[in-house]
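Enquirer: no sequence on hand, only this structure:
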């Protein structure tokens, strides 16, 4: 399993979440877990765990 962490912009959170959902659907990918957490200085982070390494790498390439 591989975890990917993506920083999210607060003012575009809804758009980013929608884009990620569309990406997961388009790639027929169901993550092991998908959590939103607060990082340093209140930054929002999407922590996504993938079963396959290639899915994690593709997600990170498109959103990281």
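Expert: Looks like it arrived, so ask away. It should be emphasised that the depicted structure is a prediction, and the values quoted were computed from it without experimental measurement. Residues are numbered from 1 along each chain as shown.

Enquirer: ok, which stretches of the chain are helices?
Expert: Here the chain has its helices, by DSSP state H, at 13-26, 53-63.

Enquirer: most remote residue from the middle of the chain, which is it?
Expert: No residue in the chain sits farther from the centre than residue 41, which is 19.5 Å out by C-alpha atoms, centre = their mean.

Enquirer: before we move on, the earlier item: can you tell me which of the helices of the chain is most buried?
Expert: Mean neighbours per residue, mean count of other C-beta atoms under 10 Å, is largest over these for helix 53-63, with a mean of 15. C-beta coordinates here come from the backbone N, C-alpha and C atoms, glycine included.

Enquirer: what residues does it touch?
Expert: Contacts to helix 53-63, defined as C-beta atoms under 8 Å, 6 or more residues apart in numbering, come from residues 2-4, 6, 16, 19-20, 23, 27, 29, 46, 48, 50.

Enquirer: need those residues in a markdown table (columns: distance to residue 63).
Expert: Shown next, in a markdown table, are the contacts of helix 53-63 (distance: C-beta to C-beta, whole Å):
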| residue | distance to residue 63 |
| --- | --- |
| 2 | 14 |
| 3 | 13 |
| 4 | 8 |
| 6 | 5 |
| 16 | 8 |
| 19 | 8 |
| 20 | 7 |
| 23 | 7 |
| 27 | 12 |
| 29 | 13 |
| 46 | 8 |
| 48 | 9 |
| 50 | 12 |
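
Enquirer: could you dump those residues to TSV with distance to residue 36 and pLDDT?
Expert: Shown next, in TSV, are those (distance: C-beta to C-beta, whole Å; pLDDT from 0 to 100):
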residue	distance to residue 36	pLDDT
2	18	95
3	14	96
4	13	96
6	10	94
16	10	92
19	14	95
20	11	96
23	16	97
27	20	96
29	18	95
46	6	95
48	10	97
50	16	97
